[in-house]
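Novice: Build me a structure from this.
(chains A and B)
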Number of protein chains: 2
Amino acid sequence: MRIFRLPGKLGVIAGKLKLKGKRVGLVPTMGALHDGHLSLMRAARRECDCLIVSIFVNPAQFGAGEDFKKYPRKLTKDLALCRKAKVDIVFLPESRDIYPEGFCSFVEVKGLGSLLCGATRPGHFRGVATIVLKLFNITRADIAYFGQKDAQQAVIISRMVKDFDLPVKLRIMPIARDQDGLALSSRNAYLGKEDRRQALVLSRALGLGRFLFEHGLTDAKKILLRMRQLITKQKKAAVDYIAIIDAETLKPVKKVSRGCLVALAVKFGKTRLIDNIII
Amino acid sequence: MRIFRLPGKLGVIAGKLKLKGKRVGLVPTMGALHDGHLSLMRAARRECDCLIVSIFVNPAQFGAGEDFKKYPRKLTKDLALCRKAKVDIVFLPESRDIYPEGFCSFVEVKGLGSLLCGATRPGHFRGVATIVLKLFNITRADIAYFGQKDAQQAVIISRMVKDFDLPVKLRIMPIARDQDGLALSSRNAYLGKEDRRQALVLSRALGLGRFLFEHGLTDAKKILLRMRQLITKQKKAAVDYIAIIDAETLKPVKKVSRGCLVALAVKFGKTRLIDNIII
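Specialist: Numbering: from 1, shown residues only, chains lettered A, B, ... in the order given. The predicted model follows:
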């Protein structure tokens, strides 16, 4: 397993791999790797010749007052997990090499980037789309792997790939969950015992949404109300949003149909969790 | 010479060329080709295996009330010129294939895009950077050729390439001029006889700027005043800007030094012309 820190050096290697006709797979991460990340790596390992994992806590996607500084960093453990997953290359850049002095180019995915999570995290998806575009270019990825957990991110990146004619295929992999149903997230590490217990309501609420739909209820408003009632029974839960939306445009639907995305963001104390299902 | 209209089809061909190790050169144009474009094609022909010329009048870089509709379109002549220049592939897309329904991703080069031409043409460089990124991706260009005539465009694209780690080399080629000094531009076709005569003041004013600097004057304000006095002697000239700026940051300089960019935009009637020199 090779470790690269400089974008330029990795770019040269990646360019050579491409000339040899190798299929490059990219799993972009912010580290603090969990089973969700590992499932992406397994998928990439199966279908690519060269598996690159990037580990970079991207400052551009954190807002003022967000958790950039305290975001979990577990480099030693992460590298061990990468080795075990038979990763070929870990890309471990420094901020100063990703955003050198004078950096001023950004990707804006208008509309999609300001809804849902974007409403409470302005600039977040600009930061995400920009770093992802950079990682695609640096690694010359043929296939890139993302988790469905970050549903809006997946939609925005898919849109960017289409709009910019990027020569990369995307694989959006299912959400990995703990046995109790909690969607895996590096941020789960912030949760105290009681937060964590209450946070289990998120997957239960999504399950309720699906249950109601499958039993004939299609009025989004009514389903959302029932979900909200369930969630707010937990005293620590502060709902950011619960939404039933079109899985491509992210626009709210009135009448729920198969393929819709049910997504939510809820804070437990200072920890903001997201989760979703496709109905 | 092959002609492609669909981005997807050209992308497949370009991908195959890259796998064979061919060096792809791209000359992006809006058509109405002149000697400036041809000089880019000649340079590309010399150093690339496959020369792609795109001809696309890009609606996204025209503002409301600008000349998108009447921008000169000379397809038959353009194709003949491309054949003569031994172009391999002409990319001739339709707007609906470049900006399909739901398109919403854009490149913003913050700061640089709102100065100079960007001040009177808001959104112009967003449109330019976005289409250029798309063309790079569709054609998988190794080297792309631009004219120094559009100095700000060259700076912004260079910035984007650096910021986004794009695997493409840029060649910025010297301004091609008519014998009387007028910088070649597809928009020169708009000029009436008297406009054209008066427009010759632009290259003369740039020459005056260089002359003053080379004779010891380094106060940007004084040089700019003398240039403005010369230009406004022409009754039809309406100055948009005359600026002496850093050639990378585009910021105005107070004290002129070698390597600075002297740039101007002046309207003659409805026709807005730009020109520049590097001192």
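Novice: how about the residues of chain A near chain B?
Specialist: Taking Cβ under 8 Å from any Cβ of the partner chain as the test, the list of chain A residues beside chain B reads A:7, A:11, A:15, A:18-19, A:21, A:102-112, A:129-130, A:133-134, A:137-138, A:140, A:159-160, A:163-167, A:248-249. For the C-beta atoms, the positions are set from N, CA and C on the backbone; glycine is no exception.
Novice: Just the buried subset of these, written out for PyMOL, thanks.
Specialist: For selection in PyMOL, the members of the residues of chain A next to chain B meeting the burial criterion (16 or more other Cβ atoms under 10 Å in any protein chain shown) are listed in this command:
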select buried, chain A and resi 7+11+18+103+104+105+106+107+108+109+111+112+129+130+133+134+137+138+140+159+160+163+164+165+166+167
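Novice: Mind checking which of the residues of chain A next to chain B land in helices?
Specialist: Judged by DSSP state H, those include A:7, A:11, A:15, A:18-19, A:129-130, A:133-134, A:137-138, A:159-160, A:163 as members of helices.
Novice: and these as a markdown table, adding pLDDT?
Specialist: Putting those into a markdown table (pLDDT from 0 to 100) gives the following:
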| residue | pLDDT |
| --- | --- |
| A:7 | 98 |
| A:11 | 98 |
| A:15 | 95 |
| A:18 | 92 |
| A:19 | 90 |
| A:129 | 98 |
| A:130 | 98 |
| A:133 | 98 |
| A:134 | 98 |
| A:137 | 98 |
| A:138 | 98 |
| A:159 | 98 |
| A:160 | 98 |
| A:163 | 98 |
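Novice: distance between stretch A:248-258 and the chain's centre?
Specialist: Per Cα atoms, centre = their mean, to the nearest Å, the displacement of stretch A:248-258 from the mean C-alpha position of its chain is 21 Å.
Novice: before we move on, what about stretch A:259-278?
Specialist: For stretch A:259-278, the distance between its averaged C-alpha position and the chain's averaged C-alpha position is 12 Å (Cα atoms, centre = their mean).
Novice: quick revisit: would you check which pair of the ones in helices among the residues of chain A next to chain B lies furthest apart?
Specialist: A:19 and A:159 (29.9 Å; Cβ to Cβ).
Novice: thought residue A:34 was touching residue A:182?
Specialist: No - under the criterion of Cβ atoms under 8 Å, residue A:34 lies out of contact with residue A:182, with a separation of 11.1 Å.
Novice: For residue A:228, which non-adjacent residue is closest in space?
Specialist: The spatially closest residue to residue A:228, leaving aside those adjacent along the chain, is residue A:242, at 5.7 Å (Cβ to Cβ, 6 or more residues apart in numbering or on different chains).
Novice: Tell me who's in contact with the nearest residue to residue A:217 once chain neighbours are set aside.
Specialist: With sequence-adjacent residues excluded and distances taken as Cβ to Cβ, 6+ apart, residue A:217 is closest to residue A:223, at 5.8 Å. Shown in contact with residue A:223 (Cβ atoms under 8 Å, 6 or more residues apart in numbering or on different chains): A:209, A:212, A:213, A:217, A:244, A:256, A:262.
Novice: For the residue nearest to residue A:228, list the residues it contacts.
Specialist: Residue A:242 is in contact with A:205, A:224, A:227, A:228, A:231, A:262, A:263, A:264, A:266, counting by Cβ under 8 Å, 6+ apart.
Novice: So residue A:240 belongs to a strand, correct?
Specialist: Yes - when the secondary structure is assigned by DSSP: H, G, I helix; E, B strand; the rest coil, residue A:240 falls within a strand.
Novice: What is the burial count for it?
Specialist: Residue A:240 has 16 neighbours, counted by other Cβ atoms under 10 Å in any protein chain shown.
Novice: mind checking the SS state of the closest residue to it other than its chain neighbours?
Specialist: Using Cβ to Cβ, 6+ apart and skipping the chain neighbours, the partner closest in space to residue A:240 is residue A:265 (3.9 Å). Secondary structure, three-state DSSP: residue A:265 is strand.
Novice: As CSV, the ones in helices among the residues of chain A next to chain B with distance to residue B:56 would be great.
Specialist: Shown next, in CSV, are these (distance: Cβ to Cβ, whole Å):
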residue, distance to residue B:56
A:7, 30
A:11, 28
A:15, 28
A:18, 27
A:19, 29
A:129, 24
A:130, 25
A:133, 22
A:134, 26
A:137, 23
A:138, 28
A:159, 21
A:160, 20
A:163, 16
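Novice: Confirm for me that residue A:276 is in contact with residue A:265.
Specialist: No - no contact is recorded between residue A:276 and residue A:265 when judged using Cβ under 8 Å, the distance being 9.4 Å.
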